[in-house]
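Undergrad: My questions concern the predicted model and sequence given below.
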Amino acid sequence: MATVRSLISAEQIATRLVALAGDIQQCYGEQTFTLLCVLKGSFIFAADLIRQLPTRVEIQFVTASSYVGTQSSGHVHCDAWDATALRGKHVLIVEDIVDTGTTLRHLQQQLQPVGVASLKVAALLTRTQATAPAPDFSGFALGDEFVVGYGLDLDQKYRSLPYIGVVEP
Ligand code: 5GP
Ligand code: MG
């Protein structure tokens, strides 16, 4: 495997997550809410985040994909899932990266007819160039580098890296 230059260390991620979880808790107060983990890229972020949150917090999963290699196909595909399970719930979408926002818009469209109680977004990374609406909770800003690690892949590899970085040519 090629080497990966670290951009955000495991320690930086861990520290930021504590603050992010604090902001999320403050926002929801005593309310029960449901994390909607967008697979596959968000699985480590969601697992670390939920362990910083109260035990009443629920979690659901949806598998969405739009990337082939380092390019977005511009077309989002969701594997079969039961959005109606979220009816009446306070839903917090947990995304690895908000880039063009295509994935988020697609999920928001799927959730609209379901009738969720509220819908917010937590993203580990947000591109500074993103044309999408800013997430309600954002971990780190990111330039236009294509990153891997901490759940994020390049053609399904590198997800196990404990930090976030750029694959060196
Ligand atoms: P959007 O739909 O907002 O354009 O793209 C969001 C999705 O594209 C993310 O959830 C992520 O799966 C993928 N993506 C965007 N940028 C990157 C990147 O730098 N690295 C990886 N591994 N995936 C990315
Ligand atoms: Mg994603």
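TA: Thanks, I have the structure now. Residues are numbered from 1 along each chain as shown. Ligands and ions are numbered 1, 2, ... in the order given.
Undergrad: centre of the chain versus the helix or strand of the chain with the lowest mean pLDDT, how much separation?
TA: Every helix and strand of the chain was ranked by mean pLDDT, DSSP states H and E. The lowest is strand 71-78, at a mean of 78. Offset of strand 71-78 from its chain centre (C-alpha atoms, centre = their mean, to the nearest Å): 16 Å.
Undergrad: Wondering if that strand reaches ligand 2 at all.
TA: No - Strand 71-78 stays out of contact with ligand 2 when judged by C-beta under 5 Å from the ion, the minimum separation being 9.5 Å. C-beta coordinates here come from the backbone N, C-alpha and C atoms, glycine included.
Undergrad: same thing with stretch 118-137?
TA: No - shown here: stretch 118-137 not in contact with ligand 2 (C-beta under 5 Å from the ion), separated by at least 9.2 Å.
Undergrad: helix or strand right after the least confident helix or strand of the chain?
TA: strand 90-98 (DSSP states H and E).
Undergrad: elements contacting that following strand?
TA: On a contact count with 3 or more C-beta pairs under 8 Å, 6 or more residues apart in numbering; DSSP states H and E, strand 90-98 meets strand 34-39, helix 43-50, helix 102-111, strand 118-127, strand 137-142.
Undergrad: how about the last one: buried residues?
TA: Neighbour-count burial for strand 137-142, with 16 or more other C-beta atoms under 10 Å as criterion, is recorded at 137-140, 142.
Undergrad: ok, now the third one?
TA: Buried residues in helix 102-111, counting neighbours by 16+ other C-beta under 10 Å, are found at 102-104, 106-107, 110-111.
Undergrad: quick one: it to strand 34-39, angle?
TA: Counting by axes from the mean of the first three to the mean of the last three C-alpha atoms, to 10 degrees, helix 102-111 lies at 130 degrees to strand 34-39.
Undergrad: Give the other helices and strands that helix 102-111 contacts.
TA: Short answer (3+ C-beta pairs under 8 Å, 6+ apart): helix 102-111 packs on strand 34-39, strand 58-68, strand 71-78, strand 90-98, strand 118-127.
Undergrad: Mean pLDDT lowest where, among the helices and strands packed on strand 90-98?
TA: Mean pLDDT per stretch puts helix 102-111 lowest among these, at a mean of 92.
Undergrad: Cool, thanks, talk later.
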